[in-house]
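>>> this is the structure alone, sequence omitted:
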Ligand code: PMP
């Protein structure tokens, strides 16, 4: 379906949380990069799971356990189709992008990174794709080096090329920046990393919810994302890698479900993905993720991306139209994020005042302090859009920002 063929007003009505007033004003939710709202089908799927299918998975022979196990494993297949993985077993369920990256650091990283090795991390990274590597580097005597970016928020590929060397073990980059909305050329960066013999991890937390993602076309070695930013519940996400990679790695957490056999003399581990899913997992989260994938698939990710591209233009124009504002992050390729500052007004004040008008913005460093430092800012205000937002909400944002201006003019 194209964006024009979708009835977006009806789509919006699928999201109960959007249909409410806050502080007496209609809610204008512009914080989907932090977490998306959830359509009724996802909420219903979780409720149905608890009302009908609740049981622990993998271990039971009884009917309910079989139902729950089937539901859980069926979603793995849906995830694989959604990101074009070659095999569902390549998709490991984790708590979210953060846990996925930590899993990779603790398994791949601990066995493959040594003293003197280099980990190249883009300046645009969320702390979750920097701090685990700093922790690992400190343990191993490795070095984390930032891939620089320009003033628009685009990574400097020439500098990146020059940094790649025989010492480079790993490159870490997000597919889309949560702070600025930059869409990074991850396929090209993967090719360059591989040319230097390095591994590349792509953080897709802000990409999978907003555009078609094909992990094989990107060619990364690892790809992670979070369910809660793509209409699914919190506490569920996916770490993807080719099956051969997972099979070559040791487990990280020990416990039930991740073993083949256990004795005091010798314990052996289950194959992937179970090896990396110790303990009772977030079954309701997986069920909700499956419903979210069905929902997004029915809309069509190309239509979602096209709708959000239109909205991005409208929201950027709305912010630009308010005197004294400046967009932060003007990359040629952007998705869903309008970061901005207003002369003489602290971003936190912007967020507090717009909230009184019912407009939910995020303010601060967006868990990306190096981005802010590079741009000489302490913080920005950020409006992030999803397909369920409307052009009218851009007008509401502009009006709320106008109110901020009024207050600070006096
Ligand atoms: N990476 C990016 C680009 C993000 O935007 C976020 C969440 N803001 C994360 C990683 C971390 O995701 P989570 O908190 O769901 O683990």
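Good, I have the coordinates. From a predicted model like this one, the values you see are computed outputs, not experimental measurements.
>>> ok, how many other residues are close to residue 9?
9 (other Cβ atoms under 10 Å). For the C-beta atoms, the positions are set from N, CA and C on the backbone; glycine is no exception.
>>> check which helix or strand covers it.
Using DSSP states H and E, residue 9 falls within helix 8-12.
>>> avg pLDDT for the following helix or strand past that helix?
Elements were assigned by DSSP H and E; along the chain past helix 8-12, the next helix or strand is strand 21-22. For strand 21-22, mean pLDDT is 96.
>>> what comes up buried for stretch 277-297?
By neighbour count on 16 or more other Cβ atoms under 10 Å, the buried set for stretch 277-297 is 277-278, 281-296.
>>> so residue 249, which state does it fall into?
coil (DSSP: H, G, I helix; E, B strand; the rest coil).
>>> mind listing what it touches?
Taking Cβ atoms under 8 Å, 6 or more residues apart in numbering as the criterion, residue 249 is in contact with 107-108, 111, 272, 275-276.
>>> if I look at it, how far off is residue 97?
Relative to residue 97, residue 249 is positioned 18 Å away (Cβ to Cβ, to the nearest Å).
>>> who touches the helix or strand hosting residue 194?
Here residue 194, judged by DSSP H and E, is contained in helix 186-195. Where contact means Cβ under 8 Å, 6+ apart, the residues beyond helix 186-195 that reach it are 155, 157, 160-161, 164, 168, 171, 173, 175, 199-200, 202, 217-221.
>>> got the contact list for the closest residue in space to residue 207 that isn't next to it in sequence?
Setting aside the residues directly before and after it, residue 207 is nearest to residue 175 in space (Cβ to Cβ, 6 or more residues apart in numbering), at 3.6 Å. Contacts for residue 175 (Cβ under 8 Å, 6+ apart) come out as 183-184, 186, 202-204, 206-207, 213, 218.
>>> give me that answer again for 6 Å
Contact analysis of residue 175 by Cβ atoms under 6 Å, 6 or more residues apart in numbering lists 186, 202, 204, 207.
>>> how far away is the first one from residue 218?
When Cβ to Cβ is the yardstick, residue 186 and residue 218 sit 5 Å from each other.
>>> between those two, which is the more surrounded one?
Neighbour comparison, residue 186 and residue 218: the larger count goes to residue 186, with 25 against 22 (by other Cβ under 10 Å).
>>> now name the helix or strand holding the residue sitting furthest away from the middle of the chain.
Farthest-out residue of the chain from its mean C-alpha position, per Cα atoms, centre = their mean: residue 265, at 41.4 Å. Using DSSP H and E, residue 265 sits within no helix or strand.
>>> going forward can the numbers begin at 53, since that is how I track them
Noted, 53 is the first residue going forward, which turns the last one into residue 317.
>>> kindly list the main-chain dihedrals of it?
Backbone torsions of residue 317, given as degrees, to the nearest 10, read phi -80, psi -40.
>>> need the contact partners of stretch 138-153.
With Cβ under 6 Å, 6+ apart, stretch 138-153 has contacts from 128-129, 131-132, 137, 155, 180-181, 184, 255, 257, 276-278, 287, 289-292, 295, 324-325, 328-329, 333, 338.
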